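[1] Sequence unavailable; structure follows:
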């Protein structure tokens, strides 16, 4: 969701922030921006101050390290999750779509056993989208909001097929225990 004046829009965007000053697309997509350095890194500093967005999601996948290797996990809440994000306007380098990066933080208690980081999740999107919010206070507030939300999340293991971008179907979020062999 992007905010222009008092209008909120739901639009297509390209995941992987392309800084407005870039002459070429980044070699490694800037899909995540760390909350700890978002105000310092040149790629993220201006978008954080001027171009904040909200990414809605029913849940997300993360890879948990186990004795048998990495195991994908689906993490979700009872309500729609709202991820804090920053964006840059559309450019040729981003397929003529706005490009965005999800803000991440050190994992919250309750999900730290899955991965060491998690997306920043919002309770108060008005505060997040308010251009007059003071950046340092905003960072503290959204980190606390995110930890509260993370404390209520649920999760379960899913099939490793989720690791291939060629797989894109609703069955990917079924628990591994419900998957059929060769699904």
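    Yes, it's here. Since the model is a prediction, treat every value here as computed from it, not as a measurement.
[2] and the longest strand along the chain, how far from the chain's centre?
    Using DSSP state E, we find that the single longest strand of the chain is strand 69-91. Centroid displacement of strand 69-91 relative to its chain, using CA atoms, centre = their mean, to the nearest Å, is 3 Å.
[3] buried sites along it?
    Buried positions in strand 69-91, judged by neighbour count with 16 or more other CB atoms under 10 Å: 71-77, 81-88, 90-91. For glycine as for every other residue, the C-beta is placed from the backbone atoms N, C-alpha and C.
[4] helices or strands up against the next helix or strand after that strand?
    Once the chain leaves strand 69-91, the next helix or strand it forms, by DSSP states H and E, is strand 97-106. Helices and strands touching strand 97-106, by 3 or more CB pairs under 8 Å, 6 or more residues apart in numbering; DSSP states H and E, are strand 14-15, strand 32-34, strand 52-66, strand 69-91, strand 117-119, helix 135-150.
[5] need the ones you listed in TSV with distance to residue 127 and mean pLDDT, can you?
    Shown next, in TSV, are the helices and strands packed on strand 97-106 (distance: least, CB to CB, whole Å; pLDDT from 0 to 100):
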stretch	distance to residue 127	mean pLDDT
strand 14-15	24	90
strand 32-34	18	97
strand 52-66	10	94
strand 69-91	10	95
strand 117-119	17	96
helix 135-150	7	95
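[6] wait, which of those is closest to residue 24?
    Of all these, strand 69-91 sits nearest to residue 24, with 11.1 Å by CB to CB.
[7] In contact with residue 148, which residues?
    By CB atoms under 8 Å, 6 or more residues apart in numbering, residue 148 lies in contact with residue 123.
[8] Could you do the one 4 residues further on as well?
    By CB under 8 Å, 6+ apart, residue 152 lies in contact with 77-78.
[9] redo that, cut-off 7 Å
    Residue 152 makes contact with residue 77 under the criterion CB atoms under 7 Å, 6 or more residues apart in numbering.
[10] how about it, secondary structure?
    coil (DSSP: H, G, I helix; E, B strand; the rest coil).
[11] For it, give its distance to residue 72.
    Distance of residue 152 to residue 72, computed by CB to CB, to the nearest Å: 21 Å.
[12] likewise residue 138?
    Residue 138 sits 32 Å away from residue 72, going by CB to CB.
[13] How about residue 44?
    Distance, residue 44 to residue 72, using CB to CB: 27 Å.
[14] Same question for residue 136.
    Here residue 136 is placed at a distance of 35 Å from residue 72 (CB to CB).
[15] rewinding a little: and the longest strand of the chain, what does it pack against?
    In terms of contacts (3 or more CB pairs under 7 Å, 6 or more residues apart in numbering; DSSP states H and E), strand 69-91 is packed against helix 42-50, strand 52-66, strand 97-106, strand 154-157.
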